[in-house]
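*Asks:* What follows is a predicted structure for the sequence shown.
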Amino acid sequence: MKNIYDPDYVKKLFNHMSGSYERMNYITSFGFSIRWRKQFLGKLGASDEELNVMDLLSGLGENWSFLQKRFPNAQFSALDFSEGMIEKSKNKANTVFKGKLNLVCEDILNNNLLSGSYDIVSCAYGLKTFNAEQLEILAKDIARILKKGGKFSFVEVSKPENKLLYFFYKMYLSKIIPVLGKLFLGDPDDYRMLWIYTDKFQNSKVVQEIFERNGLKVSYERYFLGCASGISGEKI
């Protein structure tokens, strides 16, 4: 039986989806993914200072224009281990940052980022691909790479608590989205995995507990009746 949390499996999955992932994110969330991005990045505040900002699991760079507006004088870095996502995000990097983005192709669970280097860390829609053990590694590394007082914010698609909403949300993600995936990719299996990951992930409450265990100050965030959730906070 395949291990859906194996980094090689996850990388292959996202390499395959890299050509259609941004528009599929928009479709799977009924367009709310953009609103949720603005909301979760809003937890980081805004500053004209020369900060170091890291966007983790950066995908196709969907966070970048929002981050650049919030931190116009920052030095920006982005990390993703999917070569497909990195390659397809280069045009956006040039558009948003005029080529001044440090784009890193590494696994966040096994990286070479310098300790105490970042004032800001953001991450959208990557938490569900980690199991509990991997989330412990992630939390330790966020605590390691952040400066003291540095801020972080994460968001993830989640299972809503309302039973009626959950019923329709599950039907949409598990049945309809794979059909759309077949139209875009000719293969419904990749996008069927998005619901499997979401179903197992449930919400960000476990992530909150794990991050708090690793010495971070954490708040739990809930978006649109629990269809998305996240954490935000700082290194104390």
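*Replies:* All right, it came through fine.
*Asks:* Please count neighbours and contacts with C-alpha atoms only from this point.
*Replies:* Will do.
*Asks:* heading toward the C-terminus, what's the first helix or strand past the lowest-mean-pLDDT helix or strand in the chain?
*Replies:* With mean pLDDT, DSSP states H and E as the measure, the helix or strand of the chain carrying the lowest mean pLDDT is helix 21-28 (a mean of 65). Sequence order places helix 32-42 as the next helix or strand after helix 21-28, per DSSP states H and E.
*Asks:* Sheet partners, orientation included, of the helix or strand following that next one?
*Replies:* Of the helices and strands lying after helix 32-42 in sequence (DSSP H and E), the nearest is strand 52-56. Note on strand 52-56: by DSSP bridges, its sheet partners are strand 75-79 (parallel), strand 118-124 (parallel).
*Asks:* Low-confidence stretches in this protein?
*Replies:* 1, 20-31, 181, 184-188 (pLDDT under 70).
*Asks:* Let's see that with 80 instead.
*Replies:* By pLDDT under 80, the weakly predicted segments of the chain are 1, 19-33, 172-173, 176-191.
*Asks:* Can you check which strand is longest in it?
*Replies:* strand 146-157 (DSSP state E).
*Asks:* buried sites along that one?
*Replies:* For strand 146-157, burial by neighbour count (16 or more other CA atoms under 10 Å) applies to 146-147, 150-157.
*Asks:* mind putting those in CSV, distance to D107 included?
*Replies:* Converted to CSV, the buried residues of strand 146-157 look like this (distance: CA to CA, whole Å):
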residue, distance to D107
L146, 17
K147, 21
G150, 22
K151, 21
F152, 18
S153, 19
F154, 17
V155, 19
E156, 19
V157, 21
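*Asks:* Show me which pair in those is furthest apart.
*Replies:* Within those, K147 and V157 form the most distant pair, 27.7 Å apart (CA to CA).
*Asks:* Just put the strands paired with strand 52-56 in TSV and tack on distance to N94.
*Replies:* Formatted as TSV, the strands paired with strand 52-56 follow (distance: least, CA to CA, whole Å):
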stretch	distance to N94
strand 75-79	12
strand 118-124	20
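*Asks:* Rebuild those as JSON lines, extending it with mean neighbour count and distance to I231.
*Replies:* Conversion of the strands paired with strand 52-56 to JSON lines gives the following (neighbours: other CA atoms under 10 Å; distance: least, CA to CA, whole Å):
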{"stretch": "strand 75-79", "mean neighbour count": "21", "distance to I231": "19"}
{"stretch": "strand 118-124", "mean neighbour count": "24", "distance to I231": "10"}
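*Asks:* Point out the one among those strands that comes closest to F32.
*Replies:* strand 118-124 (12.9 Å).
*Asks:* Show residues contacting that closest one.
*Replies:* 37, 41, 44, 51-58, 63, 142, 145-147, 149-156 (CA atoms under 8 Å, 6 or more residues apart in numbering).
*Asks:* All set, thanks.
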